[in-house]
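**Student:** this one's structure only:
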């Protein structure tokens, strides 16, 4: 009986020690488990590269507002809305395009943030649409005649109601410099889907698309400052 009592006491001691160690381990896990949440909401900003370009490039004027909304951990819906005016001087022509545009699409963040960071390195896809007018300010007929040189025509001719559609692929970065305030930059490659040209003249610049090259492609760049209005934390 004494031996049996001794064995029972040892077993009870082991059970108590095991329970205490499990309780300690559980409390340590709870203590070490920290969940970091980031804001989900609407981010609104402005492209500051366009006003700066207008200062140094006097034939240009432009303003663009940007916005996005986070729908999952990595996916955002995004849009840009703006207006531009650009005068293009070529060998035989001088023309001005001005109008409004909108671009809508998505961004996918490929950057894995550390702890409570909220930065992005993203790939983007956009559909763009623009309505604009183009004015042929002056032109010189392309004739090569030494005795009867061509005279420059300076009577402006304006064609309104022009439209263009395109798609673009972009690569960009966003960094949170202070709480909810972001700076970002991105570059984009654009492919024209359709454009309505003036009669007897090719469109050289489309607002929101930039210069139209001969193969109907173009490039874009912007540098933005934006602010996040968080609705929820996840």
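**Tutor:** Right, received. Where do you want to start? Quantities reported herein were computed from a predicted structural model and do not represent experimental measurements. Numbering: from 1, shown residues only.
**Student:** all contacts plus neighbour counts: C-alpha atoms, from now on.
**Tutor:** Noted.
**Student:** buried ones in the longest strand seen in the chain?
**Tutor:** Identified as the longest strand of the chain according to DSSP state E is strand 157-178. The neighbour-count check on strand 157-178 (16 or more other CA atoms under 10 Å) flags 162-176 as buried.
**Student:** ok, residue 231 to residue 186 distance?
**Tutor:** According to CA to CA, to the nearest Å, residue 231 and residue 186 sit 26 Å apart.
**Student:** Give me the more crowded residue out of those two.
**Tutor:** Ranked by neighbour count (other CA atoms under 10 Å), residue 231 and residue 186 place residue 186 first, with 18 against 9.
**Student:** who are the neighbours in contact with the closest residue to the more buried one other than its chain neighbours?
**Tutor:** Leaving aside its chain neighbours, residue 186 sits nearest to residue 172 (3.9 Å; criterion: CA to CA, 6 or more residues apart in numbering). By CA atoms under 8 Å, 6 or more residues apart in numbering, the contact list for residue 172 reads 120-124, 184-187.
**Student:** Please apply the same query to residue 124.
**Tutor:** Shown in contact with residue 124 (CA under 8 Å, 6+ apart): 105-108, 169-172.
**Student:** What score does it have for pLDDT?
**Tutor:** The model reports residue 124 with a pLDDT of 97.
**Student:** again, but for residue 40
**Tutor:** For residue 40, the pLDDT comes out at 86.
**Student:** that's a strand at it, yeah?
**Tutor:** Yes: when DSSP: H, G, I helix; E, B strand; the rest coil is applied, residue 40 is found to be in a strand.
**Student:** Pretty sure residue 128 sits against residue 81.
**Tutor:** No: between residue 128 and residue 81 no contact is recorded; they are 9.8 Å apart, counting by CA atoms under 8 Å.
**Student:** Can you work out which residues contact both of these two?
**Tutor:** Contact criterion CA under 8 Å, 6+ apart; residues shared by residue 128 and residue 81: 101-103.
**Student:** tell me which of those residues is nearest to residue 63?
**Tutor:** residue 101 (10.6 Å; CA to CA).
**Student:** That closest one - how many residues pack around it?
**Tutor:** Using other CA under 10 Å: residue 101 sits among 22 other residues.
**Student:** surely it meets residue 85?
**Tutor:** No: counting by CA under 8 Å, residue 101 sits too far from residue 85 to count as a contact (11.4 Å).
**Student:** Pull up the overlap in contacts between those two.
**Tutor:** Contacts common to residue 101 and residue 85, judged by CA under 8 Å, 6+ apart, are residue 207.
**Student:** Give me the buried subset of the contacts of residue 172.
**Tutor:** 120-124, 184-187.
**Student:** Hmm, residue 123 is touching residue 107, no?
**Tutor:** Yes: under the criterion of CA under 8 Å, residue 123 makes contact with residue 107 at 5.6 Å.
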